[in-house]
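1. When you get a sec, could you give me coordinates for this:
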Amino acid sequence: PVAVENSESHTMTINSEPTKNDGSSPTDGAKENYNIFRDSPLRFMGYTNEVGESFRYQFPKLVVPSYVLAFGYCAMDAASTGYHTYTTSKNQTNRSKETSIATFDTLLWQSLASVMIPGATINLIVRSSRIAVARTTALPVAVAKWLPTACGLGSIPFIVHPIDDAVDFLLDNTTREWIGPKKSKQSNNVSYPTNAQ
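-> The predicted structure is shown next:
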């Protein structure tokens with residue numbers, strides 16, 4: 001094994017496996033912050049209601065179950081975040097408070113960013129598409145029936161990040177300001193300001 005030290009980044013490479021000078025791997029932090037509900041394909045459960053909204057007019061009985069799945073996903077992510085915060089908290093005196101805030105913040109963020117706002121947006125897109133298609137007589141019946149659904153499904157990838165960012169901005173300037181901690185959607189770590197009691 002050959003060890004080379006890079007003085008610029010203070011990273012040591014041994015057998016092409018990067019490690020920090022303290023011996024830990026750079027991926028240790030990534031593993032610690034891994035959230036199965038956000039960092040795996042399970043994240044797509046948060047979009048089931050958007051799919052349900054897209055198919056609302058073809059399969060109306062699927063809309064409510066799609067929302068049940070999406071809200072279930074939100075609840076499981078909030079519970080997972082709360083558990084992670086509780087088990088990793090170094091502040092024993094504020095552990096319950098940190099856990100409650102992290103759980104609430106995750107539930108609120110997921111409810112807004114994964115269910116409510118995207119669901120309303122897709123509903124509006126599909127409804128507007130239906131109105132536009134109804135005014136057009138040149139389209140075949142099959143196209144007129146499925147085009148609004150395709151518009152709804154096709155818009156999902158384009159609305160996700162803007163809505164996520166907007167909800168982050170909203171919570172950063174409202175509830176996260178009011179209750180004290182700063183929490184990013186990408187992280188389960190809650191950090192309190194230095195003057196927190």
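
2. Is it correct that residue 91 is in contact with residue 98?
-> Yes. Using CB atoms under 8 Å, residue 91 is in contact with residue 98, at 6.5 Å. Placement of C-beta: from N, CA and C, glycine included.

3. Name the residue in the two with the higher neighbour count.
-> Taking neighbours as other CB atoms under 10 Å, residue 91 and residue 98 compare with residue 98 leading, 24 against 11.

4. Kindly export whichever strand or helix holds the more buried one (C-alpha atoms) in CSV.
-> Element membership for residue 98 (DSSP states H and E) is helix 95-110. In CSV, the C-alpha atoms belonging to helix 95-110 read as follows (Å, rounded to 0.1, in the frame of the first residue of the first chain):
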residue,chain,number,x,y,z
ARG,A,95,-33.3,16.2,23.7
SER,A,96,-37.1,16.1,23.8
LYS,A,97,-37.4,19.7,22.6
GLU,A,98,-34.9,19.0,19.7
THR,A,99,-36.8,15.8,18.8
SER,A,100,-40.2,17.6,18.8
ILE,A,101,-39.0,20.5,16.7
ALA,A,102,-37.2,18.2,14.2
THR,A,103,-40.3,16.0,13.9
PHE,A,104,-42.6,19.0,13.5
ASP,A,105,-40.4,20.7,11.0
THR,A,106,-40.0,17.5,8.8
LEU,A,107,-43.8,16.8,9.0
LEU,A,108,-44.6,20.4,8.0
TRP,A,109,-42.0,20.6,5.3
GLN,A,110,-43.0,17.2,3.8
